[in-house]
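Q: Have a look at this fold, sequence not included:
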């Protein structure tokens, strides 16, 4: 990670971390990397989105590069259009699942993949040296929301009829506010929509993928077959079966893997052990990448695997997309249930291992992680768990915390050892600073 870019683009609180002037500089830097001289841009519903998109576009155009603005669209739409229509880069102004006062910049390369860390570093270097092109070479700006039809047509081409199905969609007052319902309805489903505002005032506010209990309640109220919750830019998804049971990304990966039968599936260090064992029983290997959908994609490419995702709901299927796509994933799950003629609850036949997580506040997380005493305690836990569980102790990427995660078939054992490891960390911390 660099000065500006993190694991998923560049984001932060508007007016503090991200501003029009910063957006201009990042755009100007990106313009210097273009070959064809054209960039496509979209955004979610946040109030700051238009200003940041225009500022970013000005930076690009000042470097002699044309900008095509598609308007408010889900992030995967930009990834798809970038590759299909041969743009140099695709840009999304969004802070994904973060609160409404945040915003950010996500960038895709010409093949629809998120930028490599090397390219991000090059952009950061160029930010210090913004440059302007002569007036006769300034780039042009055009608004072309009609380009969304290419994505819609591709999705519909790969989905079957959903006639007779009743589905609830929680759109998080975000980028999927119109397209998700439209596609489900075109495929014949009866749709109940929650939180479909488009003014950005309530994006992710007690709704969407971070609040799946809202969806669960609505599915039971409407007697629906299933439901889907998106985040602000609709690149991730949480599902709900007909009984109101919430399905996370691991559950979704299991359903998709059972339908597509890949040789391997890529998850992360947070992917539940229960999914790993369930896939193994079907002859499917689970490969683990670092946390972050960018790293999932990198491993998918290096290991020649077409399916991967995170428990948080980023699901990537290379047969149809180059990034997490909530709308596509939701439609795919509904189509599988329709084809199998089974309720969604019957498609999920594995149980999660109980997972206990404890966050411990520390002053120097890396010193503690390098402690021989902690390493010894972790090894003791791993030996005890064997094949029945898993332990993960890691530093938070954004806070002065160490995150302890224990999984075990027996919840009491997982709880006991998560507490023991947390106490060990506190003891080391106290000894260091007495």
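A: Cool, the structure landed. Please read these numbers as outputs of a predicted model, since none were measured by experiment.

Q: Show the residue spans covered by the helices in the stretch 51-200 of the chain.
A: With DSSP state H, counting those that start in this stretch as the criterion, the stretch 51-200 of the chain has helices at 75-84, 117-127, 148-157, 179-186.

Q: Of these, which shows the lowest average pLDDT?
A: When the helices of the stretch 51-200 of the chain are compared by mean pLDDT, helix 117-127 comes last with a mean of 84.

Q: Can you point out the buried residues in that helix?
A: Within helix 117-127, the residues scored as buried using 16 or more other C-beta atoms under 10 Å are 119, 120, 121, 122, 123, 124, 126, 127. Bear in mind the C-beta positions are built from the backbone N, C-alpha and C, glycine included.

Q: circling back to that earlier point, out of the helices of the stretch 51-200 of the chain, which comes closest to residue 323?
A: Evaluated with C-beta to C-beta, these place helix 75-84 nearest to residue 323, the distance being 4.6 Å.

Q: What are the buried residues along the closest one?
A: Within helix 75-84, the residues that count as buried by 16+ other C-beta under 10 Å are 75, 76, 77, 78, 79, 80, 81, 82, 83.

Q: how many other residues sit next to residue 186?
A: Residue 186: 14 surrounding residues under other C-beta atoms under 10 Å.

Q: Let me see the contact set for the nearest residue to it once chain neighbours are set aside.
A: Among residues not flanking residue 186 along the chain, residue 156 sits closest, at 6.3 Å (C-beta to C-beta, 6 or more residues apart in numbering). Contacts of residue 156 were listed using C-beta atoms under 8 Å, 6 or more residues apart in numbering, and they are 183, 186, 187.

Q: so which of those residues would you say is closest to residue 293?
A: Residue 293 has its nearest neighbour among those in residue 183, at 22.1 Å by C-beta to C-beta.

Q: number of nearby residues for that closest one?
A: Quick note: residue 183 (other C-beta under 10 Å) scores 22 neighbours.

Q: show me where pLDDT drops low in the stretch 151-300 of the chain?
A: Under the criterion pLDDT under 70, no range of the stretch 151-300 of the chain is flagged.

Q: Going along the chain, name the strands of it.
A: Using DSSP state E, counting those that start in this stretch, the strands of the stretch 151-300 of the chain run over residues 166-170, 190-194, 226-230, 237-240, 246-247, 264-268, 285-289.

Q: quick check: longest helix of the chain.
A: As assigned by DSSP state H, the longest helix anywhere in the chain is helix 411-432.

Q: so how far is that one from its chain's centroid?
A: 30 Å (C-alpha atoms, centre = their mean, to the nearest Å).

Q: what's that helix packed up against?
A: If you count contacts as 3 or more C-beta pairs under 8 Å, 6 or more residues apart in numbering; DSSP states H and E, helix 411-432 packs onto strand 355-361, helix 365-369, helix 372-385, strand 389-395, strand 401-408.

Q: 6 Å instead, please
A: Other elements packing on helix 411-432 under the criterion 3 or more C-beta pairs under 6 Å, 6 or more residues apart in numbering; DSSP states H and E are strand 355-361, helix 372-385, strand 401-408.

Q: Deepest in the core, which of the ones you listed is it.
A: Most buried of the helices and strands packed on helix 411-432 by mean neighbour count (mean count of other C-beta atoms under 10 Å) is strand 401-408; its value is a mean of 23.

Q: so it versus helix 372-385, what angle?
A: With axes from the mean of the first three to the mean of the last three C-alpha atoms, to 10 degrees as the basis, strand 401-408 and helix 372-385 are set at 20 degrees to each other.

Q: quick one: strand 401-408 to helix 411-432, angle?
A: Relative orientation of strand 401-408 and helix 411-432, computed by the same axes, to 10 degrees: 150 degrees.

Q: what's the angle between strand 401-408 and strand 355-361?
A: 160 degrees.

Q: What strands line up against strand 401-408, and which way round?
A: Note on strand 401-408: by DSSP bridges, its sheet partners are strand 355-361 (antiparallel), strand 389-395 (antiparallel).

Q: Tell me which residues touch residue 73, please.
A: Residues in contact with residue 73 (C-beta atoms under 6 Å, 6 or more residues apart in numbering) are 42, 148.

Q: per-residue confidence for it?
A: On the pLDDT scale, residue 73 is placed at 98.

Q: Write down the beta-bridge partners of residue 356, one by one.
A: residue 406.

Q: ok, it touching residue 418?
A: Yes - with contact defined as C-beta atoms under 6 Å, residue 356 counts as touching residue 418 (4.1 Å).

Q: Need the residues touching each of the two.
A: Counting by C-beta under 6 Å, 6+ apart, the contacts common to residue 356 and residue 418 are residue 406.

Q: gap between residue 53 and residue 102?
A: Noted for residue 53: a distance of 15 Å to residue 102, by C-beta to C-beta, to the nearest Å.

Q: quick one, which of those two is more surrounded?
A: Higher neighbour count among residue 53 and residue 102: residue 53, with 25 against 22, using other C-beta under 10 Å.

Q: What are the phi and psi values at residue 63?
A: Backbone geometry at residue 63, expressed as degrees, to the nearest 10, gives phi -100, psi 10.

Q: Next one: it from residue 91, what distance?
A: 14 Å.

Q: Please say which of those two ends up with more neighbours.
A: residue 91 (28 against 23).

Q: Test my guess that the more buried one contacts residue 40.
A: No - with contacts counted by C-beta under 6 Å, residue 91 stays clear of residue 40, the gap being 7.2 Å.

Q: What are the neighbouring residues in contact with residue 253?
A: The contact partners of residue 253, by C-beta under 6 Å, 6+ apart, come to 265, 309.

Q: any idea how far it is from residue 146?
A: For residue 253, the distance to residue 146 - C-beta to C-beta - is 34 Å.

Q: Then residue 332?
A: Separation of residue 332 from residue 146 (C-beta to C-beta): 25 Å.

Q: cool, residue 107 as well?
A: Distance from residue 107 to residue 146, counting by C-beta to C-beta: 23 Å.

Q: which of the two has more neighbours?
A: residue 107 (25 against 9).
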